[in-house]
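J.: fold the following, please.
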Amino acid sequence: MPDTTAPEGEAEDGVSTVFACAAVALLMAVTALAIRLGGATLARQQAETAADLGALAGASRIVQGSAAACALAREVVTVNRASMASCVTDGLDLMVEVHVPVQIWNANASAHARAGPAAAATR
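T.: Model prediction:
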């Protein structure tokens, strides 16, 4: 019967290849997660920007009525590649909520902003 035991040192041949493959797989998983989280962060920042700009633009027309203010806010939000979820006036303040789709996940990033004259903020 032949001896199936490997000579000393040869039993571990190929182990480094297995560890290298495992390390590459782990690195790829971490990279994929980082890309997904980065995409979500960018979508959130885009939503915040769209909400801020939409609220500021709409607040500039608040004296013309809530319809004119919300129409301008919606236009600015759309130009910033977001969709307006709500637009509400509170006296001379305009509150806007927007959504931006997260490309990698099937989800939305949302943000809201409030804009109006400084005197209204001190009430």
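J.: where does this protein dip in pLDDT?
T.: 1-12, 119-123 (pLDDT under 70).
J.: can you give me the strands in it?
T.: Along the chain, the segments classed as strands by DSSP state E run 83-90, 93-102, 107-115.
J.: R36: neighbour count?
T.: Counted by other CB atoms under 10 Å, the residues lying close to R36 total 14. Yep, even glycine has a C-beta here, placed from its N, CA and C like the rest.
J.: ok, it touching Q103?
T.: No. Contact criterion CB atoms under 8 Å: R36 and Q103 do not qualify, at 9.8 Å.
J.: how long is stretch 57-76 from one end to the other?
T.: 7 Å (CA to CA, to the nearest Å).
J.: okay, buried residues for that stretch please.
T.: For stretch 57-76, a neighbour-count test (16 or more other CB atoms under 10 Å) marks A57, G58, A59, R61, I62, S66, A69, C70, L72, A73, R74, V76 as buried.
J.: report the two of the residues you listed separated the most.
T.: Across the buried residues of stretch 57-76, the longest distance by CB to CB is 15.6 Å; it joins S66 and V76.
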